[in-house]
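*Asks:* Okay, here's the prediction I keep looking at, along with the sequence it came from:
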Amino acid sequence: LSPQSSVKLLKNDKFDHFRAPGLAMNYLLINLKDPMLSKKNVRSAIAHAIDKKTIIQYKLEGLASPASSILTPANPFFDSKLNLPKFSLEAAKTKIKNLLSEKKTLSIKTSNNPNAVENAKILANQISKLGFEVKIESYEWGTFFEDVKNANYQLATMRWVGATDPDIYRVAFHSNELPPSGRNRGHYQNKELDKLLDSGVSILSTEDRIKHYQKVQEIIAEDLPIIPLWYNEQINIVSKEIQGFKTSKTGDFSYFVNLKRKKN
């Protein structure tokens, strides 16, 4: 459901309402094969130009929270100390100063889902304040996804859903996970990170794994191969005739096996 539809239903007393921290992380995927976007200061400037809080408050009806990692704050491996660029047009323009000799065009690719297109338009408007001419390219999902896999994009609106184990960082950023077979679709490569991701899978102690993957998250937050945007809140609207519903921690439908119709 769109945030607007969710808000309407949350006000409807004909249903039971369940809200929980979200497991979906929305982000901007960056094509690091692009000569301009391969520059860290350009990526940092774009991150500084995005006003997440305003988007969440007015576009997402407050049903989200600012994102900083693929992992959500509810995850024990989440690093709450991550230092990502905060919204500041002044800082953004300082980062990009002297890097662009003339006005440059930038494209944001997205699916043709209406909510995705609307979100892309807002992001484009904010990024354009850096002096870019930002274009939106929206396609049906199959075409869009093929373009992303083939690095036929500059920026793309994407989402990680239900990431619970920190090994997701190996899947998303390891040099061995480059397309077409892997999911490192931004073509990020960092030998130091590769070593951490390789050794992380053999750590058995939870405490040691937490410390280890905090280092991983810090490297990604510093290099910005992606720009985290927001975590969607889980909104569940349930008929009052149903009992036994619980919000799934992984966002799946496992609890549906316990659902029963209430007896009159």
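*Replies:* It's in.
*Asks:* Every contact and neighbour count from this point should use C-alpha atoms.
*Replies:* Fine.
*Asks:* Quick check: buried residues in stretch 197-211?
*Replies:* Within stretch 197-211, the residues scored as buried using 16 or more other Cα atoms under 10 Å are L197, G200, R209, I210.
*Asks:* Over to stretch 12-24?
*Replies:* Going by neighbour count (16+ other Cα under 10 Å), the buried part of stretch 12-24 is F15, D16, H17, P21, G22, L23, A24.
*Asks:* Tell me where the stretch 151-264 of the chain is predicted with low confidence.
*Replies:* Confidence mapping of the stretch 151-264 of the chain against pLDDT under 70 gives the ranges 250, 264.
*Asks:* For stretch 92-110, buried residues please.
*Replies:* A92, K93, K95, I96, L106, S107, I108, K109, T110.
*Asks:* mind checking the end-to-end distance for that stretch?
*Replies:* Stretch 92-110 has an end-to-end distance of 24 Å (criterion: Cα to Cα, to the nearest Å).
*Asks:* Run through the residues that contact K249.
*Replies:* Each residue near K249 by Cα atoms under 8 Å, 6 or more residues apart in numbering is listed here: L23.
*Asks:* Check which helices and strands the helix or strand where Y213 lies is in contact with.
*Replies:* Under the criterion of DSSP states H and E, Y213 resides in helix 206-223. The helices and strands touching helix 206-223, judged by 3 or more Cα pairs under 8 Å, 6 or more residues apart in numbering; DSSP states H and E, are helix 191-200.
*Asks:* Output the longest strand belonging to this protein.
*Replies:* strand 15-30 (DSSP state E).
*Asks:* ok, back up a step: contact partners of the helix holding Y213?
*Replies:* By Cα under 8 Å, 6+ apart, the residues outside helix 206-223 that reach it are 40, 68-69, 76-79, 82-84, 166, 169, 193, 196-197, 200, 203, 226.
*Asks:* what about T143, is that helix, strand or coil?
*Replies:* Secondary structure, DSSP: H, G, I helix; E, B strand; the rest coil: T143 is helix.
*Asks:* repeat for I46
*Replies:* Following three-state DSSP, I46 is assigned to helix.
*Asks:* Do you know the pLDDT at it?
*Replies:* pLDDT recorded at I46 is 97.
*Asks:* just so I have it, where are all the strands in the stretch 151-264 of the chain?
*Replies:* Using DSSP state E, counting those that start in this stretch, the strands of the stretch 151-264 of the chain run over residues 155-161, 226-239, 242-243, 260-261.
*Asks:* Nearest to S128, out of these?
*Replies:* strand 155-161 (13.3 Å; Cα to Cα).
*Asks:* Tell me the helices and strands packed up against that closest one.
*Replies:* If you count contacts as 3+ Cα pairs under 8 Å, 6+ apart, strand 155-161 packs onto strand 15-30, strand 105-111.
*Asks:* what would those strands look like in JSON lines with mean pLDDT?
*Replies:* Output for the helices and strands packed on strand 155-161, formatted as JSON lines (pLDDT from 0 to 100):
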{"stretch": "strand 15-30", "mean pLDDT": "90"}
{"stretch": "strand 105-111", "mean pLDDT": "97"}
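*Asks:* okay, the ones you listed in a markdown table with distance to F144 next?
*Replies:* As requested, the helices and strands packed on strand 155-161 are exported to a markdown table (distance: least, Cα to Cα, whole Å):
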| stretch | distance to F144 |
| --- | --- |
| strand 15-30 | 13 |
| strand 105-111 | 6 |
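*Asks:* mind checking which of those is nearest E133?
*Replies:* Using Cα to Cα, the nearest of the helices and strands packed on strand 155-161 to E133 is strand 105-111, at 4.5 Å.
*Asks:* Which other helices and strands does that closest one contact?
*Replies:* helix 114-128, strand 133-139, helix 141-149, strand 155-161.
*Asks:* now the angle between helix 141-149 and that strand, please.
*Replies:* Relative orientation of strand 105-111 versus helix 141-149 (axes from the mean of the first three to the mean of the last three Cα atoms, to 10 degrees): 130 degrees.
*Asks:* And the contacts of strand 105-111?
*Replies:* Residues outside strand 105-111 that contact it (Cα under 8 Å, 6+ apart): 116-117, 120, 124, 132-141, 144, 153-158.
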